[in-house]
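A.B. asks: The sequence isn't on hand, but the structure is:
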């Protein structure tokens, strides 16, 4: 019946829109969290923290709405895949937001300045990983497989940056000094941003699945090898 | 709540639309409706009038002279007794019914189950034509076919066959209808289970169709017992009960036909009335039996016709 | 289709099946093979030919005048449309359950025994077979106390299971079911589905259904018919998650039909 179908198409569209909005929120938390980390901005950190509740609300509402659609619509085929993808993607976006939250908290009470080269690398990691998430999300919402698949190679750049940042920070930590606390947390922070990129890949993978039904993992990025430990 | 001040208008609640009409034209229409409602049962009584009158009139005249000896005395010289015509009618009816049932049953089942739609259509049309044929024409045919052409003469066998021909289309139609009205789902289920046609007919269709067929038999009998012409033209009257197929016999309707011109008070007219009375009793009884069977049939296959 | 693991010809093999009513083509060159024990759901929009298809698998098409059938339907290697084949024997081996329960106006026992009596089984054998059939159909517990009561007194779901028992009593290798649950309430439907789920491990079941959810629940395989053509057939999970054909996708997502 046309009426019923229209509703479900509309509801599905609404659901996807909510996932998009949640992504915007989460990405804002990552970007602000990175800035808070680099500048020790406690006010900014506080603002990120306050967005955590909203993120939770989005997550819960999307889950409830999806469950309801499954019960009412009994989706099959592409609708079924999209529904599964939405749940998984919401999960990933939730994690992305949390990573942003964690980033904001690390140095909120540790003032000081970050080494310029490290800051540059961290900033670039932040920009790239967020671009990956945006691309994956756009691909999912618009049904663009090519765009989704283009996200995976972008992970290599982020991985490379991460390795460089790790190596540099370890080198700096060996030197010791008052900035060691900061540098330790920056090491964790870089790791978080690499995780954001990983989640972006997961979102892209789910987007491909929702559009085409493919679940192959050949094009997933291989886990980057650990940074080589310098001889003791 | 609205408090009504003097002279202000309070609209009736919306549910008031259910109340009976009060406007003049509406009231006129309602009265007209009611008048018709009383009129129709009256018309029903009017339709009942002829049959009531006949029954009354016949009964009144017949019961005056009717007594046990009138029904049972079989001596050939007796002019008061209807025993001979009664028994003869019984024999002739029995034979005619058997013949009609045999032809009607086979014809009906064949048409319902085995013939193609085109041929079945022709057969049904023929049966309807036969049903519409005047009884005197059937009798005339019987005279030429059985009495003359076959050379059987004016006797029981000619009469029974002719009467059977007259009864046949009713039986045929009933059997045809009974078997075609077995629900298609049941029929398919039986064949789907691997029935052969004969097994289907025996185990499934006939038990379901049987009450209707029985109905048809009684109905045909009620029609047959009341006919005059088919027998009048093929059966020679006799004062004796027939003892063989090729013997003459008398019959009740013939009795009426013979004696109805007798003057009042003669034994003939008495016999005519008595015969009429007996025929009415028989026909009414048969019809009552038909109704009882129909009712039991409906109860038995409740839930079968969905 | 994957080859059957057991040796010998497939239980049912449909080859280039075409059914016509006058000029209209009801089924257009359908090819399909059936594994030894499985449940294949046949789905499609109204008028797509699924009922015609299933009825042509045991020559019930012959009960409708004017249908012309060409092609082969092989039962264990023998074409059932071969002139030398007795259609009555076909229907004893390939049973059928219809949309509305079609119990005969007899006792429960006599209904179940109907097919056995047709083939003139012995009395004690009939008893045993009826009991087994009623058990396989999932009806035994509900009727065992009074097998002689009229079948017309059973509920719709029970009547339908009795029809299944009746079909099973003669040990068919194939059971054709034409929307058997469409006249039943959800609870009765669930019981019939449970029965189908058990039976599919013993015989071949071909299930016509307009309920995609039902196909998802009980079938191993789904065949999608549209305008008399077999558009797509595949493992149930695959068809429902990832239909290859656009028409199939449109149907299962309810965009039409």
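C.D. replies: Structure received. Given the structure is predicted, the values throughout are model-derived calculations rather than measurements.
A.B. asks: Which elements pack onto the helix or strand of chain B with the lowest mean pLDDT?
C.D. replies: Using mean pLDDT, DSSP states H and E, helix B:68-72 stands out as the lowest-scoring helix or strand of chain B, at a mean of 72. Based on contacts counted as 3 or more CB pairs under 8 Å, 6 or more residues apart in numbering or on different chains; DSSP states H and E, the elements that helix B:68-72 packs against are helix B:83-109. All C-beta atoms are positioned from the backbone trio N, CA, C, and that covers glycine.
A.B. asks: Around chain B, which positions in chain C sit nearby?
C.D. replies: Proximity of chain C to chain B, by CB under 8 Å from any CB of the partner chain, involves residues C:58, C:60, C:63, C:65, C:88-89, C:91-92, C:95-96, C:98, C:100, C:102, C:104-105, C:114-115, C:117-119, C:152, C:163, C:166-167, C:170.
A.B. asks: how about a cut-off of 6 Å?
C.D. replies: When proximity is defined as CB under 6 Å from any CB of the partner chain, chain C approaches chain B at C:60, C:88, C:91-92, C:96, C:100, C:102, C:105, C:115, C:118, C:152.
A.B. asks: Point out where chain A drops to low pLDDT.
C.D. replies: Confidence mapping of chain A against pLDDT under 70 gives the ranges A:1-7, A:108-109, A:111, A:216-232.
A.B. asks: Apply 80 and report the result again.
C.D. replies: A:1-8, A:40, A:107-114, A:216-232 (pLDDT under 80).
A.B. asks: Residues of it that sit close to chain C?
C.D. replies: By CB under 6 Å from any CB, the part of chain A that sits against chain C consists of A:74, A:76-77, A:79-80, A:213.
A.B. asks: what do you get for the stretch 151-300 of chain B?
C.D. replies: B:185-186, B:189, B:192-196, B:199.
A.B. asks: let's see it at 10 Å
C.D. replies: Residues of the stretch 151-300 of chain B lying near chain C by CB under 10 Å from any CB of the partner chain: B:183-197, B:199-200, B:203-204, B:207-208, B:300.
A.B. asks: quick one on the thing from earlier: list the contacts of the least confident helix or strand of chain B.
C.D. replies: With contacts defined as CB atoms under 10 Å, 6 or more residues apart in numbering or on different chains, helix B:68-72 is touched by B:62, B:78, B:80-83, B:86-87, B:270-271, B:274, B:278.
A.B. asks: show me where the stretch 51-200 of chain B has helices.
C.D. replies: Remark: helices assigned in the stretch 51-200 of chain B by DSSP state H, counting those that start in this stretch are B:68-72, B:83-109, B:117-132, B:135-142, B:156-180, B:184-192, B:197-199.
A.B. asks: Can you say which of the ones you listed is packed in most?
C.D. replies: Using mean count of other CB atoms under 10 Å in any protein chain shown, the stretch among the helices of the stretch 51-200 of chain B with the largest mean neighbour count is helix B:156-180, at a mean of 25.
A.B. asks: Quick one: distance of it to the chain centre.
C.D. replies: With CA atoms, centre = their mean, to the nearest Å as the basis, helix B:156-180 stands 12 Å off its chain's centre.
A.B. asks: That one packs against which elements?
C.D. replies: Packing contacts for helix B:156-180, counted by 3 or more CB pairs under 10 Å, 6 or more residues apart in numbering or on different chains; DSSP states H and E, involve helix B:83-109, helix B:117-132, helix B:135-142, helix B:206-225, helix B:229-232.
A.B. asks: what's the nearest residue to residue B:197 if we skip its chain neighbours?
C.D. replies: residue B:113 (6.5 Å; CB to CB, 6 or more residues apart in numbering or on different chains).
A.B. asks: one step back: out of the residues of chain C next to chain B, which comes closest to residue C:235?
C.D. replies: Nearest to residue C:235, judged by CB to CB, of these is residue C:96 at 25.4 Å.
A.B. asks: What residues are bridge-paired with the closest one?
C.D. replies: Note on residue C:96: beta-bridge partners by DSSP bridges are residue C:176.
A.B. asks: Which pLDDT does the model give it?
C.D. replies: Residue C:96 carries a pLDDT value of 95.
A.B. asks: Just give me the neighbour total for it.
C.D. replies: A count of nearby residues for residue C:96, using other CB atoms under 10 Å in any protein chain shown, gives 27.
A.B. asks: Show me the shaky parts of chain B.
C.D. replies: Across chain B, the ranges flagged by pLDDT under 80 are B:1-8, B:14-26, B:65-81, B:238-241, B:261-268, B:296-306.
A.B. asks: care to break it down by domain?
C.D. replies: For chain B, the structural domains run B:21-63, B:67-300, going by automatic domain parsing.
A.B. asks: With distance to residue C:33 as new columns, can those domains be given to me in CSV?
C.D. replies: Output for the domains of chain B, formatted as CSV (distance: least, CB to CB, whole Å):
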stretch, distance to residue C:33
domain B:21-63, 68
domain B:67-300, 23
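A.B. asks: sorry, back to before: biggest separation within the residues of chain C next to chain B, which pair?
C.D. replies: Once CB to CB is applied, the residues of chain C next to chain B give C:88 and C:152 as the farthest pair, at 26.5 Å.
A.B. asks: Report the beta-bridge partners for the residue nearest to residue C:148 when sequence neighbours are not counted.
C.D. replies: Nearest residue to residue C:148, sequence neighbours excluded (CB to CB, 6+ apart): residue C:107, at 4.6 Å. Applying DSSP bridges to residue C:107 yields these beta-bridge partners: residue C:150.
A.B. asks: Now do the contacts for residue C:107.
C.D. replies: Residue C:107 touches C:113, C:143, C:146-153, counting by CB under 10 Å, 6+ apart.
A.B. asks: now, which of the residues you listed lie within helices?
C.D. replies: Of the contacts of residue C:107, the ones assigned to helices by DSSP state H are C:113, C:143.
A.B. asks: which one among the contacts of residue C:107 gets closest to residue B:53?
C.D. replies: Taking CB to CB as the measure, residue B:53 lies nearest residue C:152 of these, at 45.5 Å.
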